[in-house]
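Q: here is my input; please provide its structure:
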Amino acid sequence: MRVQAILKNFRMSPQKMRELVRQIQGLPALQAQAILAVVSRKSARVVEKTLASAIANAHDLKANNARYRDIKPEQLKVLEAVAGAAPTYKRSQPKARGSAGPILKRGCHIRIVLSDGQDE
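A: Predicted structure coming up:
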């Protein structure tokens, strides 16, 4: 069984987000939550919320579907954690002699996929 949570258009560069997301890939979900709780970065709070949302999605699936009644949060593992690029806002900064320099305000999408190891 696979469960996912997606956060779209978060205003942080994907490069900064990938540094953190790579650390939790392949870990058990509860251990990944514990790691994210002690990391002191803005991106950690966002990834932690997205991971909590994925765990809640698994809980909802368990509550609403008789096939998945035996799923426990301890069994869930982070199968995939990806930070991709979102649309970039382009602005300009005034420079010398009337020219303009570009400012790129980057954004990212975060996708976390959990699995219990029993894929169909």
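
Q: may I ask which helix or strand of the chain has the lowest mean pLDDT?
A: Every helix and strand of the chain was ranked by mean pLDDT, DSSP states H and E. The lowest is helix 42-64, at a mean of 89.

Q: Ala81: how many residues sit nearby?
A: For Ala81, the count of nearby residues is 25 (other Cβ atoms under 10 Å). The C-beta positions use only the backbone N, C-alpha and C, and glycine is treated the same way.

Q: give the other helices and strands that the strand or helix carrying Ile35 contacts.
A: Element membership for Ile35 (DSSP states H and E) is helix 29-38. In this structure, helix 29-38 packs against helix 14-24, helix 42-64, strand 77-85, with contacts taken as 3 or more Cβ pairs under 8 Å, 6 or more residues apart in numbering; DSSP states H and E.

Q: now the ones you listed as TSV including distance to Gln93?
A: As requested, the helices and strands packed on helix 29-38 are exported to TSV (distance: least, Cβ to Cβ, whole Å):
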stretch	distance to Gln93
helix 14-24	21
helix 42-64	23
strand 77-85	22
